[in-house]
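[1] return atomic coordinates for the entry below.
(one chain, ligands or ions: 1)
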Amino acid sequence: MAEPTGILVLGEINKGNLHPTVLELLAAGKTLARGLSQKLSLGLAGPSLDQPAKDGIAHGADTIYTATHQLLEQPHLDLLLAAWTQICRTANPAVILIARTTAGRDLAPRLAARLNVGLAQDCLEVKLDDSTKRLVAHRPIYGGNAVAAVSPKGTPQIAAVRPKAYDPLPADPSRHGETINVAVNLDPSMAKTKLVQRNEEQTGGVRLDTARIVISGGRGLGGPEPFKKLDEIAKILGAAVGASRAAVDAGWVPPAMQVGLTGKTITPELYITVAISGASQHMAGCSGAKVLVAINKDADANIFKEARYGVVGDWQKILPSFTETLRELVK
Ligand SMILES: Cc1cc2nc3c(=O)[nH]c(=O)nc-3n(C[C@H](O)[C@H](O)[C@H](O)COP(=O)(O)OP(=O)(O)OC[C@H]3O[C@@H](n4cnc5c(N)ncnc54)[C@H](O)[C@@H]3O)c2cc1C
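    Residues are numbered from 1 along each chain as shown. You can find the predicted model right below:
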């Protein structure tokens, strides 16, 4: 068998288009491919892949491997896994990048098992070792209190990369690439589970994971009612509202609003925290925020070590004038 070569991104399709994480992985993969002087490929599986393939090339892929099959119309992980495995065997890459989305968390370990190789999970960064040119991935350990550098065993090396860890490259529609069709034999009996119902989360306002501004509340708010005050500020700023796990665990807000290690990763330009202590597990989900503003009554709270601007005081006294000032400023 030929020597494994190149970087392969396995891309998810969402409603007929590339999932946003694919563009992030292509940016990460491009740097690795340059470091190896090898090609960057994108593997796609779905019922119709013409547009996603074009978008993949515009965003940096040199080659697209397409596994087109009508049974992939419904999101079915067993069938997607079979298609991805076939793409990997055809492409024979040195490195595979997968997004650690809900589907990616399920698919990455199963793919690694099928290919009989190791996997680096939940990676914040992927690099090449200077001397061996093997993949080295940085991933949080001990609940986000430390970062480990790991190099998955075997080839291909697989890394599941956390969403939002990389910024997409700008699209270049003038780029050209090659598309290779991969034949896949899929059969409905390969699906070990059945999709019974799909409930789409209804987000009234701005999406937390893509918002430019986020304001989050913590346990120090004392209950669900004060989150309405955060909603008010969010409306003025066009922001999304998030929460710490303590606020979610207390049942004040839904789990979809949780920011952190076991919640959403956010990378807003402005992140405002209200009555959040700044535990490492919370910070693990917002370390990509450009500017952090913290309101907390405890001057020694960890959040102030991370914040660019801090207000020490009781949120009940600070928020009314803060809200009014913002209202005036955006008029
Ligand atoms: C494996 C694991 C995963 C985890 N994942 C996450 C995660 O994804 N996200 C997450 O957030 N946490 C996570 N946690 C929990 C984390 O360790 C903290 O317990 C949690 O973040 C604390 O939330 P908090 O800051 O709201 O509450 P607290 O730590 O209780 O802090 C409340 C803050 O409010 C301040 N305060 C109180 N009253 C006022 C007032 N009137 N005005 C102003 N300030 C006030 C206090 O000074 C304090 O700093 C995880 C923990 C573990 C072990």
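[2] could you list the low-confidence segments of this structure?
    Within the chain, the ranges that satisfy pLDDT under 70 run 201-204.
[3] can you list the residues of it near the ligand?
    143, 218-220, 244-247, 258-263, 275-277, 279, 281-282, 285, 295-298, 301, 314-316 (Cβ under 6 Å from any ligand atom). Yep, even glycine has a C-beta here, placed from its N, CA and C like the rest.
[4] just the strands from the stretch 201-331 of the chain, written as ranges.
    Per DSSP state E, counting those that start in this stretch, the stretch 201-331 of the chain carries strands over the ranges 213-217, 240-243, 270-274, 291-296, 309-312.
[5] mind putting those strands into TSV with mean neighbour count?
    Shown next, in TSV, are the strands of the stretch 201-331 of the chain (neighbours: other Cβ atoms under 10 Å):
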stretch	mean neighbour count
strand 213-217	26
strand 240-243	28
strand 270-274	26
strand 291-296	21
strand 309-312	16
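[6] on that earlier part again, so of the residues of the chain next to the ligand, which ones are in helices?
    If you go by DSSP state H, those have 245, 246, 247, 281, 282, 315, 316 in helices.
[7] ok, how many other residues are close to the second one?
    Other residues lying near residue 246 total 19 when counted by other Cβ atoms under 10 Å.
[8] nearest residue to it in space, please, no chain neighbours.
    Closest residue in space to residue 246, ignoring its immediate chain neighbours: residue 219 at 3.8 Å, by Cβ to Cβ, 6 or more residues apart in numbering.
[9] contacts only, for the one you found.
    244, 246, 247, 250, 275, 276, 277 (Cβ atoms under 8 Å, 6 or more residues apart in numbering).
[10] still on that earlier bit, which among the ones in helices among the residues of the chain next to the ligand count as buried?
    Buried members of those, scored by 16 or more other Cβ atoms under 10 Å, are 245, 246, 247, 281, 282, 315.
[11] which residues touch the fifth one?
    Think residue 282. 218, 244, 245, 259, 260, 261, 276.
[12] in ChimeraX, how would I select the buried members of those residues?
    The buried residues among the contacts of residue 282 can be selected in ChimeraX (16+ other Cβ under 10 Å) with this line:
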select :218,244,245,259,260,261,276
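[13] what's in contact with stretch 143-153?
    Contacts for stretch 143-153 (Cβ under 8 Å, 6+ apart): 112, 117-120, 124, 129, 134-141, 157-159, 260-261, 280-281, 283-284.
[14] what sits opposite residue 136 in the beta ladder?
    Under DSSP bridges, the beta-bridge partners of residue 136 are residue 127.
[15] can I get the buried ones among the ones in helices among the residues of the chain next to the ligand in CSV with distance to residue 79?
    Shown next, in CSV, are those (distance: Cβ to Cβ, whole Å):
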residue, distance to residue 79
245, 34
246, 39
247, 38
281, 35
282, 37
315, 49
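[16] and the residues you listed, which two are furthest apart?
    Across those, the longest distance by Cβ to Cβ is 21.4 Å; it joins 281 and 315.
[17] in contact with the residue nearest to the spatial centre of the chain, which residues?
    In the chain, the C-alpha closest to the average C-alpha coordinate belongs to residue 163, at a distance of 1.2 Å (Cα atoms, centre = their mean). Going by Cβ under 8 Å, 6+ apart, residue 163 touches 20, 21, 24, 99, 100, 101, 209, 265.
[18] and the residue lying closest to it once chain neighbours are set aside, what is it in contact with?
    The shortest distance from residue 163 to any non-neighbouring residue, by Cβ to Cβ, 6+ apart, is to residue 21 (4.9 Å). Neighbour list for residue 21: 12, 99, 101, 104, 161, 163 [criterion: Cβ under 8 Å, 6+ apart].
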